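[1] coordinates only, no sequence provided:
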């Protein structure tokens, strides 16, 4: 076969060496910003137009009283980017415009799923049905075996076909069937799948009165006065959009579609269903019958809709919207592994204008994602509660592999963790709104972030500090908000798994209350694990492969004056493993856990 392919290619009119060269040349999206202040958008555009092979896609510039520099999104090859770096020197910051991903469960494709066709296997069909026998459309089906995981969505007949190469019925370990809304998910361990047959599974309907609102009790929202509703606070939900067709979300009328139509109407579309879930937790209006509770229903929720292929530049546009529209709290459910100096500068500038960014830590079971790991952002991890789900649910699987912390609470294995984590919140078996007008039970650190965002809005609206010394919209207001959330949280588990702990709504709002009796991890255990982590970080090689790459200094936000030029400060401070080591050592000395060695 190889010889045949070579013979075919030799007859092509294009020399093989040229074709190989062209295959390597591919335009990529980059973000470019001036490193020094005072450069206008037009000056940046003129500078880029003079460069070879650079196509300007979009530019961003905050017009109202901001220190943020203009930003250009361009398409160019890696070779052109390298040439531009050499010619610009340190005058420009040039970064790949990386993709973001939602901090929610892994998605699936509509097409029939199949595993790697390396050896014989078997074919089977899964059909999702209601208890009355009606087919359930658009249900996500996952089948796990020894060779991997196959995924698909059911059609109108409730069926999805699988060809599982390299598997036998006996090697299939797990089956998950999850409807988009209206039903509880079904999980089976060692399912007995029939070959070349339709395997029918009935889904239990989701009955809201029976669905536990354990998150409200865990954070003690149920102990707050009824008049605490977040009035006059502006929240931006930077997510996949919000389905305002939902009966509990019809009052959401503000926002923007980052790449959509000019009037922003497409912000009310939510194909992923991710933003609708978070919006309900924050601001769902009370329902006359059934429904869920929004914890800050009178807050003014703005939707900043990110596209399915969201990039860091879209996050820049969303942050600019927050500054221009006087947003108090921005809730972010997207992230990526690598840091960005340009996005970090935008976050720092937004903080100077009083915008508090609260971000999901991520669901990749690894290190905290960016921008959650930024020191100017409050990073939120997820926790679950034993008994808040049926034993045949995927949440039971999460709990089986989870880390128990205290009082029946656990850290699910998907929740990202590390020293950058600030707090934790309910993120397992959460009843949430789902587009277009239903409900679902979902998991994810984005849902945890929505809980903390709602509490942050209540604090800003009803805590005395923000009607007095911290009323001014500036970085001190944001720092005071973050300080309250962390200082009044109930410590549970290890700080790298749960941060400062579980936020306590009454305590955060200055009410006298007795915290729940939740145990903590002994100090000597934390000390030993922190020292082990420092030893590992000391051995990490922090060399860089890309010019002008940047990892913002990881860790909880510090109460310090932000520099007038955050971009220059970020570039000079650097980051990466060495910064993590320094920060950990400093934190341990301040906590009395280390002598600095």
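    That came through fine. Since we're looking at a predicted model, the values are computed, not measured.

[2] what residues are up against residue 361?
    Listed by Cβ atoms under 8 Å, 6 or more residues apart in numbering, the contact set of residue 361 reads 103, 368-369, 372, 379-382, 415-417, 420-421, 445, 448. C-beta: built from backbone N, CA, C; applies to glycine.

[3] now with 6 Å, please.
    Counting by Cβ atoms under 6 Å, 6 or more residues apart in numbering, residue 361 touches 368, 372, 379-381, 416, 421, 445.

[4] now do whichever helix or strand residue 350 is part of: distance to the chain's middle.
    Residue 350 belongs to helix 341-352 when assigned by DSSP states H and E. The chain centroid and the centroid of helix 341-352 are separated by 18 Å, computed with Cα atoms, centre = their mean, to the nearest Å.

[5] ok, now stretch 306-320?
    13 Å.

[6] average model confidence for stretch 348-363?
    For stretch 348-363, mean pLDDT rounds to 97.

[7] endpoints of that stretch, how far apart?
    Chord length of stretch 348-363, first to last residue, is 25 Å (Cα to Cα, to the nearest Å).

[8] buried stuff in it?
    For stretch 348-363, burial by neighbour count (16 or more other Cβ atoms under 10 Å) applies to 348-363.

[9] same check on stretch 191-206?
    Along stretch 191-206, these residues count as buried under the neighbour rule (16+ other Cβ under 10 Å): 191, 193, 199, 201-203, 206.

[10] now the strands for the stretch 251-400 of the chain?
    Applying DSSP state E, counting those that start in this stretch to the stretch 251-400 of the chain gives strands spanning 254-257, 300-305, 329-332, 334-335, 356-360, 377-385.

[11] of the ones you listed, which is nearest residue 143?
    Of all the strands of the stretch 251-400 of the chain, it is strand 377-385 that lies closest to residue 143, at 24.1 Å by Cβ to Cβ.

[12] using CSV, lay out the contacts of residue 361 together with neighbour count, distance to residue 245 and pLDDT.
    CSV is the format used below for the contacts of residue 361 (neighbours: other Cβ atoms under 10 Å; distance: Cβ to Cβ, whole Å; pLDDT from 0 to 100):
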residue, neighbour count, distance to residue 245, pLDDT
368, 32, 34, 97
372, 30, 30, 97
379, 35, 32, 98
380, 34, 28, 98
381, 32, 31, 97
416, 24, 32, 96
421, 28, 35, 98
445, 33, 26, 97
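
[13] ok, those vs residue 220, which is closest?
    Residue 220 lies nearest to residue 380 out of the contacts of residue 361, by Cβ to Cβ, at 16.9 Å.

[14] hang on, that closest one packs against residue 451?
    No: counting by Cβ atoms under 6 Å, residue 380 stays clear of residue 451, with 7.9 Å between them.

[15] what sits in contact with each of those two?
    Common contacts of residue 380 and residue 451 (Cβ under 6 Å, 6+ apart): residue 425.

[16] three-state assignment of the closest residue to residue 493 other than its chain neighbours?
    With sequence-adjacent residues excluded and distances taken as Cβ to Cβ, 6 or more residues apart in numbering, residue 493 is closest to residue 405, at 3.2 Å. Following DSSP: H, G, I helix; E, B strand; the rest coil, the label given to residue 405 is strand.

[17] residue 405 against residue 492, yeah?
    Yes: Residue 405 sits in contact with residue 492 when judged by Cβ under 6 Å, with a separation of 4.6 Å.

[18] which other helices and strands contact the lengthiest helix in the chain?
    As assigned by DSSP state H, the longest helix anywhere in the chain is helix 445-462. Here helix 445-462 touches helix 274-283, strand 329-332, strand 356-360, strand 377-385, strand 423-426, going by 3 or more Cβ pairs under 6 Å, 6 or more residues apart in numbering; DSSP states H and E.

[19] contacts for the third one, please.
    Looking back up the chat, that one is strand 356-360. 103, 329-333, 347, 371-372, 377-378, 445-446, 449, 452-453, 478, 481.

[20] quick one: low-confidence parts of the stretch 451-597 of the chain?
    Within the stretch 451-597 of the chain, the ranges that satisfy pLDDT under 70 run 513-597.

[21] before we move on, the earlier item: tell me the one of the buried residues of stretch 348-363 nearest residue 171?
    When the buried residues of stretch 348-363 are compared for distance to residue 171 (Cβ to Cβ), residue 363 wins out at 26.7 Å.

[22] that closest one contacts residue 102, correct?
    No: the pair residue 363 / residue 102 is not scored as a contact, 8.5 Å apart, by Cβ under 6 Å.

[23] can you give me the angle the longest helix of the chain makes with strand 377-385?
    Relative orientation of helix 445-462 with respect to strand 377-385: 120 degrees, computed using axes from the mean of the first three to the mean of the last three Cα atoms, to 10 degrees.

[24] next, the angle from the helix holding residue 350 to strand 377-385.
    Going by the same axes, to 10 degrees, helix 341-352 makes 90 degrees with strand 377-385.

[25] for the remainder of this discussion, apply numbering that starts at 369.
    Taking 369 as the first residue, the last one we looked at is helix 709-720.

[26] which helices and strands does helix 709-720 pack with?
    Under the contact criterion of 3+ Cβ pairs under 6 Å, 6+ apart, helix 709-720 touches helix 680-692, helix 843-855, helix 934-941.

[27] now with 8 Å?
    Where contact means 3 or more Cβ pairs under 8 Å, 6 or more residues apart in numbering; DSSP states H and E, helix 709-720 is packed against strand 396-402, strand 460-464, helix 680-692, strand 724-728, helix 843-855, helix 934-941.
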